[in-house]
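In: below are the sequence and a predicted model; questions follow.
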Amino acid sequence: MVQLTSLVLKDHLNADVTFAPLDITNGVATTVSSTGVPIGDKTASFAVSKTAAGKRKVTLKVVLPTVQDSIVAGVSKPTVVRIAYCNIDFSFEGTSSLVERQDMLAAVKAMLADTTQIKPLIEQLANPY
């Protein structure tokens, strides 16, 4: 088991963004980075589950809302104008080895670090050709 503690992730400027533990509900651990206005809370969550077929599934999610103040009847109120989502699912056979799982993690880390193909897909929304 993994203890739920603060999670520090980097933003695009390489600054630390701290996600503090919020709760664990139905096996899903949720952390939050809050500015004090809950509607704009950034969340990172993770879980490990077992499918009916005996596979192990690891799910990682990050949710980053963009909040702007809007004026409604002369009153300023924070409003979510859009949300960016990332869902990463790993699926392993029940018989998978530690090395196989380590190789998958290394491959995904390398893929996300690729600046030639993957970075432009995400940042520029550039289609591969």
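Out: Perfect, I can see it now. Numbers count the residues shown, from 1 in each chain.
In: neighbours of Ala53, just the number please.
Out: As a burial measure, Ala53 scores 8 neighbours (other C-beta atoms under 10 Å). For the C-beta atoms, the positions are set from N, CA and C on the backbone; glycine is no exception.
In: what helix or strand is Met111 located in?
Out: Per DSSP states H and E: Met111 is located in helix 98-113.
In: return the residues in contact with the residue nearest in space to the middle of the chain.
Out: If you average the C-alpha coordinates of the chain and look for the closest C-alpha using C-alpha atoms, centre = their mean, you land on Val62, 2.2 Å from that point. Taking C-beta atoms under 8 Å, 6 or more residues apart in numbering, we find Val62 in contact with Leu9, Lys42, Thr43, Ala44, Tyr85, Cys86.
In: does the last one touch Thr59 like I think?
Out: The reference is to Cys86. No. With contact defined as C-beta atoms under 8 Å, Cys86 does not reach Thr59; the gap is 11.2 Å.
In: looking at the two, which one has more neighbours?
Out: In this view Cys86 and Thr59 are compared by other C-beta under 10 Å, and Thr59 has more residues nearby, 16 against 11.
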